[in-house]
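K.L.:
requesting a structural model of the entry that follows:
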Amino acid sequence: LCEDLEPFLKSLAEEIREMQEDTVKLEKDLENNYKIVDNKEIIPPVTSGGNEPILEGYLFKRTSNAFKTWNRRWFCLRDNQLVYRKRTGEEESTMEEDLRLCTIKHVVDGDRRFCFEIVSPSKNHILQADSKDMLDTWISAVQKGIGIALQRHHSGNYAHVA
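P.N.:
Numbering: from 1, shown residues only. So this is what the prediction gives:
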């Protein structure tokens, strides 16, 4: 009986060895891909004014439909607005046109960590960062963007008075 099974067991052992090699190769490829995505994850905050982004990077956006699904999008915070793209090269969609009307807060979601909510007069948006550091960075950047927008608005009003 053992002699009959020997060719099968050798074949099975060879298949397992090949699968292990493939798994190691796939793990390395996945790790390299993660490094590439991780390097593109965030462009550091800039302090100059104008149209340059305060922050941009990937966030998960919860849909407002009945299914409440999550989609990964590239977000950009700049010029008093929060915009996002579905894919590289596609047109931007504006999530919030005027950040001065918005507030931002942490969200405790039982299913997901690192969530925050942008509350506007017309709609609430729930977003998820990839880590605690990114969550804090986005909340700080949006608050900074709101502050910059309010400061520009007030300084513009005083310029017209003088």
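K.L.:
quick one: pLDDT of residue 45?
P.N.:
Here the pLDDT value assigned to residue 45 is 50.
K.L.:
how about residue 35?
P.N.:
Predicted confidence (pLDDT) for residue 35: 58.
K.L.:
I'd like the numbering to begin with 610 instead of 1 from here.
P.N.:
Okay, using 610 as the starting number, the last item reads as residue 644.
K.L.:
what does stretch 750-759 rub up against?
P.N.:
With contact meaning CB atoms under 8 Å, 6 or more residues apart in numbering, stretch 750-759 is reached by 654, 658, 663-664, 686-687, 689, 691, 707-709, 711-713, 727. Using the backbone N, CA and C atoms, a C-beta is placed for each residue, glycine as well.
K.L.:
near residue 763, how many other residues are there?
P.N.:
Look at residue 763: counted by other CB atoms under 10 Å, it has 10 neighbours.
K.L.:
can I assume it sits in a helix?
P.N.:
Yes - counting by DSSP: H, G, I helix; E, B strand; the rest coil, residue 763 falls inside a helix.
K.L.:
state the distance from it to residue 713.
P.N.:
Distance, residue 763 to residue 713, using CB to CB, to the nearest Å: 20 Å.
K.L.:
repeat that for residue 690.
P.N.:
For residue 690 relative to residue 713 (CB to CB), the value is 14 Å.
K.L.:
the two - which one has more neighbours?
P.N.:
residue 713 (20 against 16).
K.L.:
was I right about the more buried one contacting residue 728?
P.N.:
Yes - if you go by CB atoms under 8 Å, residue 713 and residue 728 touch, sitting 7.3 Å apart.
K.L.:
ok, now which ones touch the one residue sitting closest to the centre of the chain?
P.N.:
Note on the chain: the residue nearest the mean C-alpha position is residue 668, at 1.6 Å, using CA atoms, centre = their mean. Contacts for residue 668 (CB under 8 Å, 6+ apart) come out as 681-682, 684, 693, 736-738, 747.
K.L.:
that one falls within a strand, correct?
P.N.:
Yes - Residue 668: assigned to a strand according to three-state DSSP.
K.L.:
distance of it relative to residue 711?
P.N.:
From residue 668 to residue 711 the distance is 15 Å (CB to CB).
K.L.:
and for residue 666?
P.N.:
When residue 666 is compared with residue 711 (using CB to CB), they lie 19 Å apart.
K.L.:
more neighbours: those two, which one.
P.N.:
Neighbours were tallied for residue 666 and for residue 711 using other CB under 10 Å; the higher tally belongs to residue 711 (23 against 20).
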